[in-house]
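Chemist: Fold the following for me, if possible:
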Amino acid sequence: MTNVALVPDWVEREPSLPDASALEAMFRFFGTDVRVRSANVGLLQHWATVYGAFRIPPGPAEITVRVTSAADGPPVPGQVVVEHGDDQRIWRGDGTVFPPLSTPPLDRWVYLRGAAVARAGRAVLLVGSPHCGKTLLAMAVVARGASLLSDGLLALDPRDLLLAPFPKTLRLRREVLAQLSIDPAHPALIPFRTQAGTVEWRADPRMLLGPRAARVAADVGAVVFLEPPDGPGDPHLEPVDPDQAFLRMLGHLHQRLSALVMAHGPLATLSRRVPTFSLRFGSPRQAARLVDERLLD
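Modeler: As a prediction, this is how the structure comes out:
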């Protein structure tokens, strides 16, 4: 392993400032400017690291997220106030605390849990539960020349069903780096130690992948639901009925249950417009070849 300092799973611990000395950071998500104000320096560092590609200079904001506790560590329900115009909402722990996706106008998007790869303006959504291999498969497809649109959050515009790029910082294991033939000493990689004691890396996808990190929205060409392998054998794509695909996509919504009504129409349309498949894979290279040649070429 390279001789570099390791940072913890969440953030490097630094003293928090008093509330009167709260600091600010600005981000732009899908055209919406968001200000974060907190005396928790470690929290701001963490969000600035994970969402570094969205940072913008200080200025007016449509949404303000205030973390009222100066205690170091991640926020807890009741410590976060989200402001939009004259409306204020206390975060109770239901849904994502940051970005504030359930706050207008960010709540107009449909968000799914998954990864997305693309080529020539055509995207394939890789949808699945946590730890099902989305990142590993997506990176294996990228290694074949595709571009990465997103890993972790899929942002679907409900008006035209285009998928927007979401360059959140990647969290990569050693086997993913090996898949891409990337040396752990790459300057874009920041190592950190997980709570389990293993070493992983974070990286801005645009710094790590260069032109293979997509910068424009893409039309959805297919949806693939990732399944756990059921034994030895080559990976294979199984068609999924549109009605079943619709229900499965609802099950992978990133938002709270209140978003179900808004997401119903766009996801029903998507499930009927594009082919949907389930994929069981053991070898990422073989599965990536299947996705690339069958769904992206």
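Chemist: Any stretches of the stretch 1-150 of the chain with poor pLDDT?
Modeler: Applying pLDDT under 70 to the stretch 1-150 of the chain picks out residues 1-21, 70.
Chemist: Swap in 50 and give it another go.
Modeler: By pLDDT under 50, the weakly predicted segments of the stretch 1-150 of the chain are 1-18, 20.
Chemist: Can you identify each of the strands in it by residue range?
Modeler: Along the stretch 1-150 of the chain, counting by DSSP state E, counting those that start in this stretch, strands occupy 23-29, 32-38, 63-67, 80-84, 87-90, 110-119, 122-127, 147-156.
Chemist: Next, the buried residues of the longest helix along the chain.
Modeler: Once the chain is assigned using DSSP state H, the helix that runs over the most residues is helix 260-273. Under the neighbour-count criterion of 16 or more other CB atoms under 10 Å, helix 260-273 has 262-263, 266-268, 270-271 buried. Just so you know, the C-beta spots here come from the backbone N, C-alpha and C atoms, and that holds for glycine as well.
Chemist: Could you look up the next helix or strand downstream of it?
Modeler: Using DSSP states H and E, the helix or strand that follows helix 260-273 towards the C-terminus is strand 276-280.
Chemist: What is the subsequent helix or strand relative to that following strand?
Modeler: As assigned by DSSP H and E, the chain's next helix or strand after strand 276-280 is helix 284-291.
Chemist: need the helices for the protein, in chain order.
Modeler: Ranges of helices within the chain are 41-50, 134-142, 174-179, 205-209, 242-251, 260-273, 284-291, based on DSSP H.
Chemist: Of those, which is nearest residue 127?
Modeler: helix 242-251 (6.8 Å; CB to CB).
Chemist: Residue 280 - how many residues pack around it?
Modeler: Residue 280 has 18 neighbouring residues, counting by other CB atoms under 10 Å.
Chemist: what pairs with it across the strands?
Modeler: Counting by DSSP bridges, residue 280 is bridged to residue 227, residue 236.
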